[in-house]
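Colleague: return a 3D structure for these sequence lines:
(chains A and B)
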Amino acid sequence: MIGCRRVAQQAVAARALRTKLTRAMIIRSRIADLLTAPPPAAQGRPVTVWGWARSRRDSKAGISFIDLSDGSVLAGLQVVAPATLPNYGDLLKRVHTGTAVRVTGLLVPSQGRGQSVEIQADAIEVVGDVDPEAYPIQKQAMSLEHLRGLPHLRARTRTVQAIMGVRSVLAGAVHRFFQDRGFACVHTPIITGGDCEGAGRQFRVTTLDPAKPPRTAEGGVDWAQDFFAREVHLTVSGQLEGETYACGLGDIYTFGPTFRAENSNTPRHLAEFWMIEPEMAFCDLDGDRAVASDFVRATVADALNRCGPEIEFLEKQQAPGLRASLETLAGSDFAHLTYSEAITALERSGKRFEFPVRWGIDLQAEHERWLVEEHCKRPAVVTNYPKEIKAFYMRLDDDGRTVAAMDVLVPRMGELIGGSQREDRLDVLERRMREAGLDPAHYAGYLDLRRFGSVPHAGFGLGFERLVCLVTGTQNIRDVIPYPRTPGHCP
RNA sequence: UCCUCGGUAGCUCAGUGGUAGAGCAGUUGACUGUUAAUCAAUUGGUCGGAGGUUCGAAUCCUCCCCGGGGAGCCA
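Modeller: Next comes the predicted model:
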């Protein structure tokens, strides 16, 4: 099985570069390169590979086979260890699942089934031993739930390698999507001074001594003596800063870490996650919806093209029908209905919901699930929600009852994207701030965008890990980020 | 935060009041190229913790700890 993650041409160039760079360092071939190399050139030549044994099979006549992985590709390289090796007996005692070895030998066409090439070993050296009694990673599939307790070792498993491989490709796909369309990548700040942005509780950032902070005359903490001479927090969204750069650079996107100090204990929430937030000047809600739909289709298609082996493996391992569902997702037109249309459909469905449906309620998970999975039977975008259940910065519709908001709902995950056209009329925005109990004085910069050369603009936010869950068919968001941070857990 | 289901060997799990179990892993051995190799033998347990009921508790009760799922908040 040949990994298609790397295009052959890139592989050749990368190989040449590495050869140059590693002359004075460790000499080795990457297994990915050996498995993708054109057969005549690759085969019959001496190579050195480093890796971890995934399993060892001892055959008749004393020949042993080591399934070797170096992390460069999902498929392993089969190492053939003949009994004639001087240290053969030692290898039988020391090579287990997880043992690190260096192998030198000839890359040859495989005599067995299951792989095209194998390495006929001339020398095998144990680089790092494993005590098989103590090593927690097994040869056989282990549950992601259990691996969560081994955050430093789970990257040794194929499932986590496949998930993280897809994650990496998706990260590239996000940048490719926007860069190909002329969007500028903007690095919005991680530490922000925004008071309350209405997007969840924030983590405080401070260098003050928590045991004895400086006090004001009134007895409160004197933040003026803190590092930034004011109260600051980790960002919960780059949107406000993104808007300011969109109203200058035109089309921008952010892709960075985001922090929410909410006590959310679900398979869809993290306290630290990566968020993608495009913002487009001269754009309305229809344009916003088009970009969001294109974004989902394009990044899913990109992953399908570049992660064939990973998706195939994950389908077998944890998500039956994954590839077909992703192909459907990448090829489908997303349904579009307004909130009012959605409510009408829900009311006429004849279904009894736990939360009764009437105009004005926020759509619950059960409602969204019915809309996507039974009513539309494809991804759906719901727009124009009642203003009462959406944020102050969303543009008020002409009817005065709804705002130009949208949610992109997908099968399995529910809400994947939330976005809106922003309120670009100064007087309306100020009024809506006051209605929301916010002090416009704290948003001077934000209001300046409307005061000077205000233009219609729109954007959306997308939790990157939810996209990774969708594409990898993973149920729990904690399994698609290396070190998940959740309430009570910072491993 | 609320509701709910769980915690038994390194891993996955069976065991619902009467001597602690299986498969895999590990160990030992067998086997002419294996593919989660196969076959035989075998090691391995504070049954999450503390208290209680009982002649007797993995099993029943109380509290606590940890995990899964659902809900809320949200991306």
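Colleague: alpha carbons only for contacts and neighbour counts from here, please
Modeller: OK.
Colleague: tell me how many other residues crowd residue A:124.
Modeller: 22 (other CA atoms under 10 Å).
Colleague: and if you look at residue A:290?
Modeller: Neighbour number of residue A:290 under other CA under 10 Å is 12.
Colleague: now do the SS call for it.
Modeller: helix (DSSP: H, G, I helix; E, B strand; the rest coil).
Colleague: quick check: the gap between it and residue A:382.
Modeller: 13 Å (CA to CA, to the nearest Å).
Colleague: could you do residue A:133 as well?
Modeller: The value you get for residue A:133 to residue A:382, if CA to CA is used, is 54 Å.
Colleague: looking at those two, which is more packed in?
Modeller: It is residue A:382, of residue A:133 and residue A:382, that has more neighbours when counted by other CA under 10 Å, with 22 against 6.
Colleague: what sits against the more buried one?
Modeller: Residue A:382 sits next to A:336, A:337, A:338, A:339, A:342, A:406, A:407, A:408, A:409 when contact means CA atoms under 8 Å, 6 or more residues apart in numbering.
Colleague: if we go to 10 Å?
Modeller: When contacts are counted by CA atoms under 10 Å, 6 or more residues apart in numbering, residue A:382 touches A:289, A:335-342, A:368, A:371, A:405-409, A:418.
Colleague: quick check, the host helix or strand of it touching RNA strand B?
Modeller: Residue A:382 belongs to strand A:380-386 when assigned by DSSP states H and E. No. Figure legend: strand A:380-386 not in contact with RNA strand B (CA under 7 Å from any atom of the strand); closest approach 12.7 Å.
Colleague: do stretch A:80-100 as well
Modeller: Yes. Under the criterion of CA under 7 Å from any atom of the strand, RNA strand B is reached by stretch A:80-100 at A:80, A:93, A:96, A:97.
Colleague: my read is the third one is in a helix, agree?
Modeller: No. With three-state DSSP as the criterion, residue A:96 is assigned coil and is not in a helix.
Colleague: surely it meets residue A:65?
Modeller: No. Taking contacts as CA atoms under 10 Å, residue A:96 lies outside contact range of residue A:65: 11.4 Å.
Colleague: quickly list what's touching both of these two.
Modeller: With CA under 10 Å, 6+ apart as the test, residue A:96 and residue A:65 both reach A:53, A:55, A:56, A:57.
Colleague: reformat those residues as TSV; add pLDDT and secondary structure.
Modeller: Formatted as TSV, the shared contacts of residue A:96 and residue A:65 follow (pLDDT from 0 to 100; DSSP: H, G, I helix; E, B strand; the rest coil):
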residue	pLDDT	secondary structure
A:53	91	strand
A:55	88	strand
A:56	87	strand
A:57	86	strand
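Colleague: top of the residues you listed by neighbour count?
Modeller: Result: residue A:53 is most packed of those (other CA under 10 Å), 24 neighbours.
Colleague: now a PyMOL select for only the buried ones of the contacts of residue A:382.
Modeller: Buried members of the contacts of residue A:382, defined by 16 or more other CA atoms under 10 Å, are picked up in PyMOL with:
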select buried, chain A and resi 289+335+336+337+338+339+340+342+368+371+405+406+407+408+409+418
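Colleague: OK, contacts around the residue in the stretch 101-250 of chain A that RNA strand B sits nearest to?
Modeller: Per CA to the nearest atom of the strand, the residue of the stretch 101-250 of chain A with the smallest distance to RNA strand B is residue A:112, at 3.0 Å. Neighbouring residues of residue A:112 by CA under 10 Å, 6+ apart: A:78, A:118.
Colleague: fine by me, we can end here.
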